[in-house]
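Undergrad: return a 3D structure for these sequence lines:
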Amino acid sequence: LKIKDDYEIRVGDDNDLRIYETASDIALWYTGSGVLFVRTYGSFKIDNGSVDLFFARNNAIELNYNGNKKLETKSDGIDVTGEVQCDSLDVDGTVDFDNGQVIFFATDNKMRWADSAKATFGNGDDLQLFHNGANSVIDGGGSGSLFLLASAHKFRNANGTEDIAIFNEN
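TA: As a prediction, this is how the structure comes out:
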């Protein structure tokens, strides 16, 4: 079957499926209300030269950009290589940053920093909170003062059963 440019193949009583070629484009156009199936028992690839979408048989789906894999489906979710840019992010489970350096546990709403991983504040990391494996440190090493604001301050022993120092307002 050989069809010249600007002619088309129409399939179905209502011409729901059209296949045609112009001088610059080839189109597969389905206007029906059902699903257009593309079925293969091997792998399937859509490639435009710089971006391709690859469906591996019984395996992952890959999205590639300039020959580099950017997104891949896995049995437990997806793997993204590169930056993820989004307008909002809603994560309902545990979040692991940098292979366990910082982990947020959604089940009990707590965040864990590994030893020597620091929570820092200020443009120059002026305030740092961390545990170095032996000691817990609040480092207000910036140029200003460290303010603790409350009407009373209590310093207690490690298990919280004995007051070491109490500072009350006035």
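
Undergrad: excluding its backbone neighbours, what's nearest His131?
TA: Asp115 (5.8 Å; CB to CB, 6 or more residues apart in numbering). For every residue, glycine as well, the C-beta is placed using N, CA and C.

Undergrad: I meant to write Asp92 there.
TA: Ala106 (6.3 Å).

Undergrad: dump the residue contacts of that neighbour.
TA: By CB atoms under 8 Å, 6 or more residues apart in numbering, Ala106 lies in contact with 91-95.

Undergrad: is it possible to get JSON lines of those that adds pLDDT, neighbour count and secondary structure?
TA: Formatted as JSON lines, these follow (pLDDT from 0 to 100; neighbours: other CB atoms under 10 Å; DSSP: H, G, I helix; E, B strand; the rest coil):
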{"residue": "Val91", "pLDDT": "89", "neighbour count": "8", "secondary structure": "coil"}
{"residue": "Asp92", "pLDDT": "90", "neighbour count": "6", "secondary structure": "coil"}
{"residue": "Gly93", "pLDDT": "91", "neighbour count": "9", "secondary structure": "coil"}
{"residue": "Thr94", "pLDDT": "94", "neighbour count": "10", "secondary structure": "coil"}
{"residue": "Val95", "pLDDT": "94", "neighbour count": "13", "secondary structure": "strand"}
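
Undergrad: with respect to Asp14, which of these is nearest?
TA: The nearest member of these to Asp14, counting by CB to CB, is Asp92 at 43.6 Å.
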